[in-house]
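> Need a 3D model of the following:
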Amino acid sequence: MQTEYRTISFHPAVGWRAVYLGDTPGETHVIPVAGWLVREEVVYDQADQIDRQRTPAADDRERLVVAGIASDATVEPADLADNFWLLLAPGEQPPTPTEAETEQRDRASKRADR
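Predicted coordinates for the structure are as follows:
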């Protein structure tokens, strides 16, 4: 059995953007956020069916609101990719290459410490 989150609702997010770190120093990729995904906690059994005995009642389920980006023909949580960095609100300026390079170095340092 495994606890996961399933999307139960979608709301457009006009003007929001997701920032991902690139492979080269200071590089970023800015992707429009398609919308906000409302996701709720469910427990799946071994047959990938919702386990009604272990899944909390609808009013007791944990819910998350996450940014979603278009991926092929679906909308997926923006933070699934390892290189996801941050969200930009409408009108907010993207980070500078220097800021991105600092973030890349910090992440590389943390990976080396593991």
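
> For the most centrally placed residue in the chain, give me the backbone phi and psi.
Centre of the chain computed as the mean C-alpha position; nearest residue by Cα atoms, centre = their mean is residue 79, 2.3 Å away. Backbone torsions of residue 79, given as degrees, to the nearest 10, read phi -90, psi 10.

> secondary structure class for residue 54?
Assigned with DSSP: H, G, I helix; E, B strand; the rest coil, residue 54 falls in the coil class.

> What does the pLDDT read for it?
Note on residue 54: pLDDT of 70.

> can you count the residues close to it?
12 (other Cβ atoms under 10 Å). In this view, the C-beta of every residue, glycine as well, is placed from N, C-alpha and C.

> Residue 40 and residue 57, how far apart?
11 Å (Cβ to Cβ, to the nearest Å).

> Residue 5 now?
In terms of Cβ to Cβ, residue 5 sits 16 Å off from residue 57.

> before we move on, what about residue 79?
With distances taken as Cβ to Cβ, residue 79 is found 27 Å from residue 57.
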